[in-house]
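Chemist: please work out how this folds:
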Amino acid sequence: MESNNTFKIASIYIGTVIGAGFASGQEIMQFFTRYGIHGLYGILVASLLFSLVGSFILWKVYRYQIQSYDQLIEPVLGHTVGKMIEGLLSLLLLSGYCIMLAGSGALFQQQFGLPKLSGILVMSFVTFIIFLFSIRGLAWINMVVVPILFIGIMSMGIWVIFSCGFTLSNEVGSTFNVYTGNWITSALLYVSYNSIGATVVMCSLLPLISSPNAALRGGVLGGMGLGLLAMFLLLPTLILYTDINGVEIPMMAIASKLGSSMQIGYGILLWFAMLTTAIADGFVLIQTIEKHLLGRHIWHCLFFCIAAIPLANIGFKTLVNALYPMFGYMGIGVALLFVFKR
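Modeler: Numbering: from 1, shown residues only. Next up is the predicted model:
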């Protein structure tokens, strides 16, 4: 039973982080591929940090019986400031959910030739059904989807290696990011950037954490899984960097080189990655809503999913450019709160 919960926790951790930016390869390109072979070292550092952060957060959740992120914030910042931060976190969770809906719309439009609204509505409907089952739905969908993502992403990486050979593009590493400086600081920023959603979601996983060992193993397994996935995204982008540099969805561009069926298949994988992140963000926000509003769970879920649709119509790129940097700054603050709590 405990081993099953460990896998559930790790799957939710991975599913929360591996959203559109991760699975598309864009985040890997920005944070690691640009450093060439040194990007491999960056992935190893990030994997270790993900394991440490995940284990530490989950252990804290079990140790102090934390059931929601407000129980983390208010004891440290006080009631007034804590409520302000909770409000901002709720806004960011709503934004994250809307970004995944918008991403689904963009994917349906660009890759499958369907109306953008159809992609938004499909994502909204599927998440609504899963939200009805609360944490059981969150755990089940991640246990099903995360292994599929592993198989798909690793298969793509292996296919590229065998098709193109393990020869890195001579352009890799020629352009360095002046904001991140080097692969070490880039790895640190990457983990911080992704810590906000993971931290907030893991604050809601107490029912799944049966012991301190389950917490530690779940964090380590999740961190190692993220590192392995990142490695199999990094290798194809290193090999084909010259061809995909500047492309909005690098992994989709790589898939198109391997045939139309592979492109469609990876489009489906990318949609699943968006789904896991959308569910994680929405699940926590619905829990927050239910603490303040009376009513049946089904109506809260329905209201939330319908209210998010107009916001998702703003557009994927617009939402990402405007809101993703905020997640990075908030991630640092929330991580520090966990370090200094009690």
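
Chemist: against Ser211, how distant is Arg34?
Modeler: 41 Å (Cβ to Cβ, to the nearest Å). In short, each C-beta sits where N, CA and C put it, glycine included.

Chemist: I'd like to know how many residues surround Leu302.
Modeler: Neighbourhood size, Leu302 [other Cβ atoms under 10 Å]: 14.

Chemist: to clarify, my last question referred to Gln263.
Modeler: 17.

Chemist: okay but it is in contact with Ala253, surely?
Modeler: No: in this structure, Gln263 is not within contact of Ala253 by Cβ atoms under 8 Å, at 9.0 Å.

Chemist: which residues sit against stretch 104-124?
Modeler: 100-102, 252, 263-264, 267, 270-271, 274-275, 278, 305-306, 308-309, 312-313, 315-317 (Cβ atoms under 8 Å, 6 or more residues apart in numbering).

Chemist: for PyMOL, write the select line for the buried members of those.
Modeler: Selection command for PyMOL covering only the buried members of the contacts of stretch 104-124, criterion 16 or more other Cβ atoms under 10 Å:
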select buried, resi 100+101+102+252+263+267+270+271+274+275+278+305+308+309+312+316
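
Chemist: tell me which of the contacts of stretch 104-124 fall in helices.
Modeler: Secondary structure from DSSP state H places 100-102, 252, 263-264, 267, 270-271, 274-275, 278, 305-306, 308-309, 312, 316-317 of the contacts of stretch 104-124 in helices.

Chemist: can you give me the pLDDT of Leu132?
Modeler: On the pLDDT scale, Leu132 is placed at 95.

Chemist: and what of Trp159?
Modeler: 87.

Chemist: please name the nearest non-neighbouring residue to it.
Modeler: Excluding the flanking residues, the one nearest Trp159 by Cβ to Cβ, 6 or more residues apart in numbering is Leu258, at 6.1 Å.

Chemist: how many residues are close by that neighbour?
Modeler: 17.

Chemist: for Ile135, same thing?
Modeler: 16.

Chemist: kindly report the same for Lys83.
Modeler: For Lys83, using other Cβ under 10 Å, the count is 14.

Chemist: what residues does it make contact with?
Modeler: Glu74.

Chemist: per-residue confidence at it?
Modeler: Confidence score, pLDDT, at Lys83: 80.

Chemist: where's it, which helix or strand?
Modeler: Following DSSP states H and E, one finds Lys83 within helix 79-112.

Chemist: in that helix, which residues are buried?
Modeler: Buried, per 16+ other Cβ under 10 Å, within helix 79-112: 82, 85-86, 89-90, 92-111.

Chemist: any idea how far the following helix or strand past that helix is from the chain center?
Modeler: Next along the chain after helix 79-112, taking DSSP H and E as the criterion, comes helix 116-131. Helix 116-131 sits 18 Å away from the centroid of its parent chain (Cα atoms, centre = their mean, to the nearest Å).

Chemist: what does stretch 254-272 give?
Modeler: With Cα atoms, centre = their mean, you get 19 Å for stretch 254-272.

Chemist: need the contact partners of it.
Modeler: Contacts of stretch 254-272 (Cβ under 8 Å, 6+ apart): 20, 23-25, 104, 107, 111-112, 123, 145, 148-149, 152-153, 156, 159-160, 163, 236-237, 240, 243-244, 249, 251-252.

Chemist: what do you get for stretch 230-249?
Modeler: Contacts for stretch 230-249 (Cβ under 8 Å, 6+ apart): 22-26, 28-29, 32-33, 36-37, 39-40, 43, 46-47, 153-154, 156-158, 160-161, 164-172, 250-251, 253-254, 257, 270.

Chemist: then stretch 61-68?
Modeler: Under Cβ under 8 Å, 6+ apart, the answer for stretch 61-68 is 60, 71-72, 202-206, 209, 211-212, 214-215, 284, 287-288, 291, 341-342.

Chemist: so which of these belong to helices?
Modeler: Lys60, Gln71, Leu72, Met202, Pro212, Ala214, Ala215, Val284, Gln287, Thr288, Lys291.

Chemist: okay, the residues you listed in TSV with distance to Leu52, neighbour count and pLDDT next?
Modeler: Formatted as TSV, the ones in helices among the contacts of stretch 61-68 follow (distance: Cβ to Cβ, whole Å; neighbours: other Cβ atoms under 10 Å; pLDDT from 0 to 100):
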residue	distance to Leu52	neighbour count	pLDDT
Lys60	12	19	88
Gln71	22	16	81
Leu72	18	24	73
Met202	13	31	92
Pro212	15	13	91
Ala214	17	22	91
Ala215	13	28	93
Val284	22	25	91
Gln287	26	17	90
Thr288	27	21	87
Lys291	30	9	83
